[in-house]
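K.L.:
Sequence and computational prediction follow.
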Amino acid sequence: MTDNKNTIFGWILFSGIIALGLSIVSGKVFHADNPEAPEKPGLFIEAAEEGASGPGEMSVEEALNTLPQADLVAAGESVFAKCTACHTIEQGGATGIGPNLYGVMGKAIASGSFAYSGALADKGGNWDWNAMSEWLKNPKAFANGTKMSFAGLSKIEDRAAVMMFMNSYGSNLAVPEYVAPEPTEGEDGATDGEAGVEGGSIDPVEASEAMDMAQPVPSQGGGTTTN
C-alpha cells in the first residue's frame with residue numbers, strides 16, 4: 001500500500017516538474033517575461049481629439065440667403081414652436097416666463113420692462129443678426145448667468161429661419177447680403193492655363209505681336225531676306 005502511495009506522489013511530483021519546465025521554456029520562446037513591440041506594427045487608429053470641431057458652419061449672412069425670405073419665414077414659424085412655452089410674438093402679446101418678442105430684432109438687448117437677468121442686462125448692444133444667432137445657439141454661453149433655460153439651436157439653418165420669422169413681426173431689420181468669397185490662387189483652376197505661364201495655353205494674337213519684325217522672312221527663291 002505504501003509503495004502505491006509513493007508511486008502516486010512520485011508521478012504528481014514529476015508532473016509538476018514537467019509543467020514548471022514547460023512554463024519556463026515557453027516564456028523564453030515567446031518573451032512572456034519581456035514583451036516586445038512587433039517589428040512591423042499593425043494599423044493605428046487615431047481617435048479624434050476631445051473638443052475638436054468639425055467643418056465650420058456657414059456664416060449668418062449665407063444662412064439668411066440660402067432660401068427665399070418667404071420660405072425662411074415659413075420654416076421659422078415651425079422652429080418658433082419650441083419658444084411658445086415661454087414667449088409670445090404677436091403685438092401686444094402677454095408676457096410669460098419670457099418677454100413678448102414682437103419687434104425684438106434690432107432692439108437694444110434686455111430692453112423693456114421685463115425683469116432680465118443681470119448677465120443679459122450687462123451685455124449691451126442690439127439684437128442684430130449675429131448677436132441673436134449666438135444667443136439662440138447657446139444662451140448660457142452668450143450670457144453666463146442668464147435665467148433662460150433653453151438649450152439652444154445648434155443648426156445655423158434653424159437659427160436663420162427663426163430669426164427671419166421674428167423679424168417679420170414688427171422689426172423688418174435689413175437682411176445682410178451674402179457675397180461669396182473670391183476663389184484663391186490654384187482653387188477651381190483660377191490661375192491655371194494663363195498665357196505666359198509655363199505649360200499654359202498661348203494666345204496666337206499675342207504670339208504674333210511678340211515676334212521681332214527683323215526676323216528673317218523666307219523669299220520666293222528659297223533664300224532669306226532681311227528688312
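P.N.:
Now that the structure is in, tell me what you want to look at. Numbering: from 1, shown residues only.

K.L.:
For residue 67, list the residues it contacts.
P.N.:
Residues counted as contacts of residue 67 (C-beta atoms under 8 Å, 6 or more residues apart in numbering) are residue 75. Using the backbone N, CA and C atoms, a C-beta is placed for each residue, glycine as well.

K.L.:
so how far is residue 109 from the closest residue to residue 107 other than its chain neighbours?
P.N.:
Of all residues not flanking residue 107 in the chain, residue 127 sits nearest, at 5.6 Å (C-beta to C-beta, 6 or more residues apart in numbering). Applying C-beta to C-beta, to the nearest Å, one obtains 6 Å for the distance of residue 127 from residue 109.

K.L.:
Could you check which of those two is surrounded by more residues?
P.N.:
residue 127 (23 against 20; other C-beta atoms under 10 Å).

K.L.:
Quick one, grab the pLDDT at the more buried one.
P.N.:
The confidence metric pLDDT takes the value 97 at residue 127.

K.L.:
didn't the residue nearest to residue 107 look like it was pressed against residue 101?
P.N.:
No: assessed by C-beta atoms under 8 Å, residue 127 is found out of contact with residue 101, at 9.6 Å.

K.L.:
what are the phi and psi values for residue 126?
P.N.:
When read as degrees, to the nearest 10, the backbone of residue 126 gives phi -120, psi 160.

K.L.:
Let me know the pLDDT of the nearest residue to it once chain neighbours are set aside.
P.N.:
With sequence-adjacent residues excluded and distances taken as C-beta to C-beta, 6+ apart, residue 126 is closest to residue 108, at 5.5 Å. In this model, residue 108 is scored at 97, pLDDT.

K.L.:
Identify the residues contacting residue 132.
P.N.:
105, 159, 163, 166.

K.L.:
Pretty sure the third one sits against residue 135.
P.N.:
If I follow you right, that is residue 163. No: look at residue 163 against residue 135 with C-beta under 8 Å: they stay out of range, at 9.9 Å.

K.L.:
More neighbours: which of these two?
P.N.:
When residue 163 and residue 135 are compared on other C-beta under 10 Å, the one with more neighbours turns out to be residue 163, at 30 against 23.

K.L.:
and stretch 88-98, average pLDDT?
P.N.:
If you average the pLDDT over stretch 88-98, you get 93.

K.L.:
buried sites along it?
P.N.:
Within stretch 88-98, the residues that qualify as buried are 88-89, 98, counting by 16 or more other C-beta atoms under 10 Å.

K.L.:
Equivalent analysis for stretch 68-88, please.
P.N.:
Across stretch 68-88, burial judged by 16+ other C-beta under 10 Å covers 72-73, 75-76, 79-80, 83, 87-88.

K.L.:
Kindly report the same for stretch 140-153.
P.N.:
Within stretch 140-153, the residues that qualify as buried by neighbour count (16+ other C-beta under 10 Å) are 142-143, 146, 148, 150, 152-153.
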